[in-house]
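*Asks:* Give the three-dimensional model of this entry:
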Amino acid sequence: MHAHRTTARFSAAAILLSSRWTGRFAMLGTAWLLGGGVAQAQTYPTQTIRLIVPYAPGGTTDIIARQLAHRMSEKLGQQVIVENKSGANTAIGADLVARSKPDGYTLLLTNDATFVLNPVVLPGLTYNVSRDFIPVATIGYVPLVMAVPASLPVNSMKALTAYAKDRPHALSYGSFGNGSQPHLMGELFNKLAGTDLTHVPYKGSAPAVSDVIGGQILFTFPALPTIQGFLDAGKLKVLAVSGEKRTQALPDVPTFTEAGFGEMNISAVYGVLGPAKLPKPVVAKLNATILEILNDRDFVETKFAAQGMVPMRLTPEQFARYIEDQTRKTTRIAALAGLKN
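*Replies:* A predicted model of the protein is given here:
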């Protein structure tokens, strides 16, 4: 979904939030108006803001967070620092923010594995998205690709299906952990293609990609920029890419929809959330600040583009509706893939 199309699709006039989200935004706005919150919002922030990233340093989420934090610091006049709190499929960092004081000084920057996929596929989560968080701003999305060894004698998903069916019980694919987007995509491939590849969870994309190159697993689903060097070196090739249209970096590679696997059209969407009772004026100020950064063409083209990030500009209310819509969609496809908890 391209940024401008996404914004149009979730235009304010077209959005009717569920009673829980609608009530949340209305309640926060009324409470702060009665309590003099507008004046307080005008002075916010007055101290350092912690941006919690529920992933280890060095990955796409961490890099994006640090780029954004630097620009937020400049625009807000207070330091915005990134703290990595990884573990438990992002639940450790998410739970920390959910339990933090709702004053705007502890925020969560993560992707939809945290606020869409985990609640659908992982049992026993310590947080509930609609109860414990308020959406602040979307940042963008990163298309995922199906990467296979360059030496593999197939050049399409149709040919890959035939290749896998000819080798029952003998092949495997890699993900970045149980319940991750690549796990869901791999199981969807099994269901849609009628194959029986074994799932191998890895602790991140790097070891999974390494084993694809080495031939230990058949494929995985990394973000394109993370494997560009291997593509250039002739060690990997890409059979399909997520998104509504083909990527300019690989114009000859079809989307999953074009390849006949539309249910696998899954991208990693990134956003900022705060604790549930974060005041509406603070939410609005943070959203406006992030939107201003996303509208900086030089920043987007020099920083985000290097991570394969496509800007996604939504209001907090639109972000809330997006989470609801994607949760319904993910519940359906996770059930198809046999991953719903």
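*Asks:* List the buried residues of the biggest strand by length in the chain.
*Replies:* Secondary structure of the chain per DSSP state E: the longest strand is strand 133-143. Buried positions in strand 133-143, judged by neighbour count with 16 or more other C-beta atoms under 10 Å: F133, I134, P135, V136, A137, T138, I139, G140, Y141, V142, P143. The C-beta positions use only the backbone N, C-alpha and C, and glycine is treated the same way.
*Asks:* so what's the spatially closest residue to the third one that is not a sequence neighbour up against?
*Replies:* Once flanking residues are discounted, P135 sits nearest to F319: 3.7 Å by C-beta to C-beta, 6 or more residues apart in numbering. Residues in contact with F319 (C-beta atoms under 8 Å, 6 or more residues apart in numbering) are P135, V136, A137, T138, G271.
*Asks:* Isn't the first one up against I323?
*Replies:* Yes. Using C-beta atoms under 8 Å as the test, P135 is close enough to I323 to be in contact (6.3 Å).
*Asks:* Can you pull the residues that touch both of those two?
*Replies:* Joint contacts of P135 and I323 (C-beta under 8 Å, 6+ apart) are F115.
*Asks:* picking that back up, tell me the two of the buried residues of strand 133-143 that are most distant?
*Replies:* Spatial extent of the buried residues of strand 133-143 (C-beta to C-beta) is set by the pair I134 and P143 at 27.4 Å.
*Asks:* just for this structure, where's the confidence low?
*Replies:* Along the chain, segments meeting pLDDT under 70 span 1-41, 340-341.
*Asks:* Scan it for its longest helix.
*Replies:* helix 316-337 (DSSP state H).
*Asks:* Now do it against strand 133-143, angle only.
*Replies:* If you take axes from the mean of the first three to the mean of the last three C-alpha atoms, to 10 degrees, helix 316-337 sits at 60 degrees to strand 133-143.
*Asks:* Sort out which residues of helix 316-337 are buried, please.
*Replies:* The neighbour-count check on helix 316-337 (16+ other C-beta under 10 Å) flags 316-324, 326-327, 330, 333-334, 337 as buried.
*Asks:* What count of nearby residues applies to the residue lying closest to A98 once chain neighbours are set aside?
*Replies:* Leaving aside its sequence neighbours, A98 sits nearest to D132 (C-beta to C-beta, 6+ apart; 3.8 Å). Per other C-beta atoms under 10 Å, the neighbour tally for D132 reads 18.
*Asks:* Identify the residues contacting D132.
*Replies:* By C-beta under 8 Å, 6+ apart, the contact list for D132 reads A98, P275, A276.
*Asks:* Max pairwise distance over the contacts of F319: which two?
*Replies:* The two members of the contacts of F319 with the most space between them (C-beta to C-beta) are V136 and T138, at 8.9 Å.
*Asks:* what do these two both touch?
*Replies:* Shared contacts of V136 and T138, defined by C-beta under 8 Å, 6+ apart, are found at G271, F319.
*Asks:* could you turn stretch 234-241 into PDB, dropping everything but the C-alphas?
*Replies:* Output in PDB follows, covering the C-alpha atoms of stretch 234-241 (Å, rounded to 0.1, in the frame of the first residue of the first chain):
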ATOM      1  CA  GLY A 234      24.900 -13.300  -7.000                       C
ATOM      2  CA  LYS A 235      24.200 -15.300  -3.800                       C
ATOM      3  CA  LEU A 236      20.500 -14.800  -3.600                       C
ATOM      4  CA  LYS A 237      17.500 -14.100  -5.900                       C
ATOM      5  CA  VAL A 238      14.000 -12.900  -5.200                       C
ATOM      6  CA  LEU A 239      10.900 -14.600  -6.500                       C
ATOM      7  CA  ALA A 240       8.200 -12.200  -5.200                       C
ATOM      8  CA  VAL A 241       7.900  -8.900  -3.300                       C
END
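*Asks:* Touching that stretch from outside, list them.
*Replies:* Identification of contacts with stretch 234-241 by C-beta under 8 Å, 6+ apart yields 143-150, 152, 154-157, 160, 209, 212-213, 219, 224, 227, 230-231, 247, 250, 253-256, 258-259, 261, 264.
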